[in-house]
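K.L.:
All I have is the shape, not the residue letters:
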């Protein structure tokens with residue numbers, strides 16, 4: 001039984017770095033650099049040696065919104 005306050009991570013599409021790069025129209029190396037940033041790094045999941053992203057997740061959306069310049 002899951003605790004009530006647990007977010008269901010499976011409700012978001014799990015994608016890899018090249019897929020995220022393609023959707024955002026940036027290079028895969030840019031995505032990798034953003035994951036390695038010491039300050040405000042790109043939200044990601046580490047699954048052993050694999051890095052994945054939760055497409056549509058609130059964390060990923062907030063990260064992108066924080067870079068929006070009016």
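P.N.:
Right, received. Where do you want to start? Just so you know, these numbers come straight off a predicted model, no measurement behind them.

K.L.:
Do a quick rundown of the strands in the protein.
P.N.:
Ranges of strands within the chain are 13-16, 45-47, 50-55, based on DSSP state E.

K.L.:
who are the neighbours of the last one, in terms of helices and strands?
P.N.:
Other helices and strands packing on strand 50-55, by 3 or more C-beta pairs under 8 Å, 6 or more residues apart in numbering; DSSP states H and E, are strand 13-16, helix 17-24, strand 45-47. Any C-beta I mention is one placed from the backbone N, CA and C, and that applies to glycine too.

K.L.:
Using TSV, lay out the ones you listed together with mean pLDDT, mean neighbour count and distance to residue 57.
P.N.:
Formatted as TSV, those follow (pLDDT from 0 to 100; neighbours: other C-beta atoms under 10 Å; distance: least, C-beta to C-beta, whole Å):
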stretch	mean pLDDT	mean neighbour count	distance to residue 57
strand 13-16	96	14	9
helix 17-24	98	16	12
strand 45-47	94	10	10
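
K.L.:
So for residue 70, which of the ones you listed sits nearest?
P.N.:
Taking C-beta to C-beta, helix 17-24 is the member of the helices and strands packed on strand 50-55 nearest to residue 70, at 19.2 Å.

K.L.:
Identify the residues contacting the closest one?
P.N.:
The contact list for helix 17-24 (C-beta atoms under 8 Å, 6 or more residues apart in numbering) reads 15, 27, 28, 30, 31, 32, 35, 51, 53, 55, 64.

K.L.:
rerun that using 10 Å as the cut-off
P.N.:
Identification of contacts with helix 17-24 by C-beta atoms under 10 Å, 6 or more residues apart in numbering yields 13, 15-16, 26-32, 34-35, 42, 44, 50-53, 55, 60, 64.

K.L.:
before we move on, back to that, including distance to residue 70, could the helices and strands packed on strand 50-55 go into a markdown table?
P.N.:
As requested, the helices and strands packed on strand 50-55 are exported to a markdown table (distance: least, C-beta to C-beta, whole Å):
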| stretch | distance to residue 70 |
| --- | --- |
| strand 13-16 | 28 |
| helix 17-24 | 19 |
| strand 45-47 | 31 |
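
K.L.:
Which one, of the ones you listed, ends up nearest to residue 69?
P.N.:
Of all the helices and strands packed on strand 50-55, it is helix 17-24 that lies closest to residue 69, at 15.7 Å by C-beta to C-beta.
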